[in-house]
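A.B. asks: dropping a prediction and its sequence here:
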Amino acid sequence: MDLTEEVVIGYGLDKMTPSYPPSKDAGQFDPRITSVERMCLTMAEAGFDETMNFDLVDDSTLYGKFGRSPESKLEVDNPRTMEHYLLRDSLLPSLMAVLGRNTKNEYPQRVFEAGKVFLRTGATLTEATSIAALSAHTSSSFTESKMHLQALVKRHFGEAAETQPAEHWAFAEGRSAQALLKGKPLGFLGEVKPSALAAFGVDVPACGFELDLSKRSGLR
């Protein structure tokens, strides 16, 4: 858009003749985007603060502090800074970084984000839409994360999600689960593992979830 603006200014706006678009229909918002915005409103109504983080993160935030061993890193060429050179495959690290930067603020702290994540399958790179949330305070628990997940899914998908025990790199062993809707994987939930809390400098327990909205709403 910036480049187009410069071309228009250079050419001369007074030399251009305006015309109406060919379609006679009124403009409207993309329904795929509005569905995500409604979910964000639900999270805000539940007391969560929305955050907006970069799609690019650093190795320590995405992998090191969670003790992850990535199969393959999605690096960008010629990054401007080493703090932003990896495409994220999850929103949870960014949310943990937010909690880590706000340890001097009062608890409870509840944050969420809806945004893009990037996944590699063989030689194919897929861009997906996720929503994730974390709640940090002295009594946060798996039950709390399940409560917020179920409320979100029930309101926007019309039925409760099933949960079954499953391991996840962000959550403590035995305190995490996979969420399914009509038998199909939807996401994960649980209590953030203690080693990750310590790595980010968060002194209270935290719990949360992350859901893949692309599978449910066709968002890409």
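C.D. replies: Yep, it's here. Numbers count the residues shown, from 1 in each chain.

A.B. asks: now the chain, which segments are flagged as low pLDDT?
C.D. replies: 215-220 (pLDDT under 70).

A.B. asks: where do the strands sit along it?
C.D. replies: Assigned by DSSP state E, the strands in the chain fall at 49-50, 56-57, 86-87, 109-121, 124-136, 162-165, 171-181, 184-192, 206-212.

A.B. asks: for the residue nearest to the spatial centre of the chain, give me phi and psi.
C.D. replies: The chain has residue 91 as the residue nearest its centroid, 3.6 Å off, counting by Cα atoms, centre = their mean. Dihedral pair for residue 91: phi -90, psi -20, per degrees, to the nearest 10.

A.B. asks: that older thread, most tightly surrounded among the strands of the chain?
C.D. replies: Sort the strands of the chain by mean neighbour count, taking mean count of other Cβ atoms under 10 Å, and strand 206-212 sits at the top with a mean of 27. (Glycine included, C-beta is placed from N, CA and C.)

A.B. asks: partner strands of that strand, parallel or antiparallel?
C.D. replies: Strand 206-212 pairs in its sheet with strand 124-136 (antiparallel), strand 184-192 (antiparallel), by DSSP bridges.

A.B. asks: residue 208: which of those is closest?
C.D. replies: Closest to residue 208 of those is strand 124-136 (Cβ to Cβ; 3.8 Å).

A.B. asks: go ahead and confirm residue 94 touches residue 87.
C.D. replies: No: if you go by Cβ atoms under 8 Å, residue 94 and residue 87 don't touch, sitting 12.0 Å apart.

A.B. asks: mind listing the helices for this structure?
C.D. replies: Remark: helices assigned in the chain by DSSP state H are 2-11, 31-45, 59-62, 92-101, 142-157, 194-200, 214-217.

A.B. asks: tell me how far the first one lies from the chain's centre.
C.D. replies: Think helix 2-11. 34 Å (Cα atoms, centre = their mean, to the nearest Å).

A.B. asks: follow-up on the earlier one: just put the strands paired with strand 206-212 in JSON lines and tack on distance to residue 25.
C.D. replies: Listed next are the strands paired with strand 206-212 as JSON lines, based on distance: least, Cβ to Cβ, whole Å:
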{"stretch": "strand 124-136", "distance to residue 25": "26"}
{"stretch": "strand 184-192", "distance to residue 25": "34"}
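
A.B. asks: among those strands, which is nearest residue 203?
C.D. replies: By Cβ to Cβ (comparing all of the strands paired with strand 206-212), the closest turns out to be strand 124-136, at 9.2 Å.

A.B. asks: now the angle between helix 31-45 and the closest one, please.
C.D. replies: Between strand 124-136 and helix 31-45, the angle comes out at 20 degrees (axes from the mean of the first three to the mean of the last three Cα atoms, to 10 degrees).

A.B. asks: start the count at 137 instead of 1 going forward.
C.D. replies: Shifting the count to begin at 137 puts that one at strand 260-272.

A.B. asks: tell me the angle strand 260-272 makes with helix 228-237.
C.D. replies: 30 degrees.

A.B. asks: and for residue 327, nearest residue in space, chain neighbours not counted?
C.D. replies: residue 311 (4.2 Å; Cβ to Cβ, 6 or more residues apart in numbering).

A.B. asks: residues touching the one you found, list them.
C.D. replies: Residue 311 makes contact with 278, 326-327, according to Cβ atoms under 8 Å, 6 or more residues apart in numbering.
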